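S.K.: fold the following for me, if possible:
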Amino acid sequence: MEVFDTIIIGAGQAGNPLSQALAKSGEHVALIEAQFVGGTCINVGCTPTKTMVASAEVAYLAKRGMDFGVVVEDVAVDMKKIKARKAEIVKSFREGSRNRIINSGVELIFGEASFTGHKILKVVTEEGETRELTADKVIIDAGGRPRIPDIEGLAKVPYLNSTSIMELESVPEHLIIVGGGYIAIEFGQMFRRFGSEVTIIQHSAQLLTREDEDIAEALQSILEDDGIRVLLNTAPTAVEKNQDGGVTLRANTPEGEITLSGSHLLVAAGRVPNSDRLNLEKTSVETDARGYIKVNGRLETNVPGIYAAGDIKGGPAFTHIAYDDNRILKANLLEDGDLSIEGRLVPYVLFSDPQLGRIGLSEKEAQRREIEYKVAKIPMSYIARTLELDRSRGLIKALVDPESEQILGAAVLGYEGGEIMAMLEIAMIGEVSYKKLRDGIFAHPTLAEGLNTLFANIS
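M.R.: As a prediction, this is how the structure comes out:
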């Protein structure tokens, strides 16, 4: 039995920096990683997808050259080159993370970890060796994986998920996407810009079910304007191979059953936690009905000394939230802190074009919680800079407290929406009245001056 001070399962955006901080404090730390350091973000999430989104934007702008008076001829997409560029950036990020871990004194072990007892882990290494480890503290940052829905025939067709679709070396002729969330929208718009016909099938009455209806409708209109077919209230029932090597999908709609034929099928129906691979029943660690590990505000499970961080604990599955979990654990474990995840602001960005940046309360959430609010709302076309750039699609919407004048939340569906959202988040952190932004002097012509107009339009 090998004894450590702390064992961390998963080298994601929580476990990775936390392992280094603990090791530098003098602890003997083992970091167990099943495949690649960096977690979902670096390897199959943020880094590769946003790299490919950038390629899609270049293709989009090149095809729109004449809109700006620029002649661009023979625009073509080279998927092999796009894939190679993506792989090189991922490799660079991954190797940088690995080197920092090793140089910090952490014992990095590549292998599959599972519990065999209370704070006891078996690790089958990539070399085939079996090691047994124990520690006073165990931190689980084992992440998640794509969810595979129960669709008749799916196991018999060569469907794609959010990882495998990034390995394509040619542009799909017709990409059918099951799902209407972040993954579906980003890949749908991306491959439409690469030249694919794209159909999105969403089981619900709107895309992005957690967002306000007006935001979801505006985004759907943008996608349809780009030539993407969006089918709402549509549930796939069966899929099979067709004669030309593609797929045929049947689905139920309010008008009856439909049949779609496509060259490729992307299943983008959310993600599930990897908790089922850890043999948690040997530890008494509790999970919820969906398999997410239950934690308190300090990220500790029901078993003292065992913690969970990142996507595997449920809640917002974002890289920056996992990294903030690291901050909380580091302060509490090393600095005798008493930090909690309760009440923290959760910003996020959908990297569609235009982006959707979100922070704080949506109108839907405010109504559910019976919170008083007023709405500030303008189309992006009210901002001069967007017209100059010909990037005026979308809108900005913010909720404000009518008494305190504080900003309660915002949705920015617009060019660089994530950056504008961050300005509003800073105002929320600093408890800046919306009137301060309404009356502030911002340089012209910038996107920032749209905040003047936004908060002058409150109802």
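S.K.: which is the succeeding secondary structure element to the helix or strand harbouring residue 54?
M.R.: According to DSSP states H and E, residue 54 maps onto helix 46-63. Toward the C-terminus, helix 46-63 is succeeded by helix 79-103 as the next helix or strand (DSSP H and E).
S.K.: gap between that following helix and the chain center?
M.R.: 19 Å (CA atoms, centre = their mean, to the nearest Å).
S.K.: and if you look at stretch 169-181?
M.R.: The chain centre lies 18 Å from the centre of stretch 169-181; the measure is CA atoms, centre = their mean.
S.K.: tell me the mean pLDDT for that stretch?
M.R.: Taken as a whole, stretch 169-181 carries a mean pLDDT of 98.
S.K.: returning to what we had before: buried residues of the helix holding residue 54, list them for me.
M.R.: Using 16 or more other CB atoms under 10 Å as the test for burial, helix 46-63 gives 46-49, 51-56, 59-62. No exception for glycine: its C-beta is placed from N, CA and C like everyone else's.
S.K.: ok, so of those residues, who is nearest residue 88?
M.R.: residue 51 (9.1 Å; CB to CB).
S.K.: next, the contact list for the closest residue to the closest one other than its chain neighbours, please.
M.R.: Spatial nearest neighbour of residue 51, chain neighbours left out: residue 86 (4.6 Å); criterion: CB to CB, 6 or more residues apart in numbering. Taking CB atoms under 8 Å, 6 or more residues apart in numbering, we find residue 86 in contact with 48, 51, 52, 166.
S.K.: all helices for the chain, in order.
M.R.: All helices of the chain, identified by DSSP state H, fall at 15-24, 39-44, 46-63, 79-103, 182-194, 213-225, 319-334, 363-368, 384-389, 417-429, 434-439, 450-455.
S.K.: possible to save those helices as CSV with distance to residue 135?
M.R.: As requested, these are exported to CSV (distance: least, CB to CB, whole Å):
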stretch, distance to residue 135
helix 15-24, 11
helix 39-44, 21
helix 46-63, 30
helix 79-103, 17
helix 182-194, 35
helix 213-225, 45
helix 319-334, 12
helix 363-368, 39
helix 384-389, 53
helix 417-429, 36
helix 434-439, 49
helix 450-455, 49
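S.K.: out of those helices, flag the one nearest residue 1.
M.R.: Ranking the helices of the chain by proximity to residue 1 (CB to CB) places helix 15-24 first, at 20.1 Å.
S.K.: and the gap between the residue nearest to residue 51 and residue 29?
M.R.: Distance of residue 86 to residue 29, given as CB to CB, to the nearest Å: 31 Å.
S.K.: go on, residue 186?
M.R.: According to CB to CB, residue 186 stands 35 Å off from residue 29.
S.K.: any idea of the pLDDT on the residue nearest to the spatial centre of the chain?
M.R.: Nearest residue to the geometric centre of the chain (CA atoms, centre = their mean): residue 318, 5.1 Å. We have a pLDDT of 96 for residue 318.
S.K.: that one touches residue 350, doesn't it?
M.R.: No - when contacts are counted by CB atoms under 8 Å, residue 318 is not listed as touching residue 350 (11.1 Å).
S.K.: where do the strands sit along the stretch 201-350 of the chain?
M.R.: Taking DSSP state E, counting those that start in this stretch to define them, one finds strands in the stretch 201-350 of the chain at 229-231, 235-241, 247-253, 256-262, 264-267, 271-273, 306-308, 348-350.
S.K.: now these in JSON lines, with distance to residue 381, mean pLDDT and mean neighbour count?
M.R.: Formatted as JSON lines, the strands of the stretch 201-350 of the chain follow (distance: least, CB to CB, whole Å; pLDDT from 0 to 100; neighbours: other CB atoms under 10 Å):
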{"stretch": "strand 229-231", "distance to residue 381": "23", "mean pLDDT": "98", "mean neighbour count": "18"}
{"stretch": "strand 235-241", "distance to residue 381": "36", "mean pLDDT": "97", "mean neighbour count": "16"}
{"stretch": "strand 247-253", "distance to residue 381": "33", "mean pLDDT": "97", "mean neighbour count": "18"}
{"stretch": "strand 256-262", "distance to residue 381": "34", "mean pLDDT": "96", "mean neighbour count": "13"}
{"stretch": "strand 264-267", "distance to residue 381": "32", "mean pLDDT": "98", "mean neighbour count": "24"}
{"stretch": "strand 271-273", "distance to residue 381": "35", "mean pLDDT": "97", "mean neighbour count": "20"}
{"stretch": "strand 306-308", "distance to residue 381": "45", "mean pLDDT": "98", "mean neighbour count": "27"}
{"stretch": "strand 348-350", "distance to residue 381": "20", "mean pLDDT": "98", "mean neighbour count": "19"}
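S.K.: what are the bridge partners for the spatially closest residue to residue 102 that is not a sequence neighbour, then?
M.R.: Spatially, and ignoring its direct neighbours in sequence, residue 102 is nearest to residue 108 (6.0 Å; CB to CB, 6+ apart). For residue 108, the beta-bridge partners are residue 31 (DSSP bridges).
S.K.: check residue 458 too.
M.R.: Taking DSSP bridges as the rule, residue 458 bridges to residue 376.
S.K.: give the contact list for it.
M.R.: Per CB under 8 Å, 6+ apart, neighbours of residue 458: 374, 375, 376, 400, 434.
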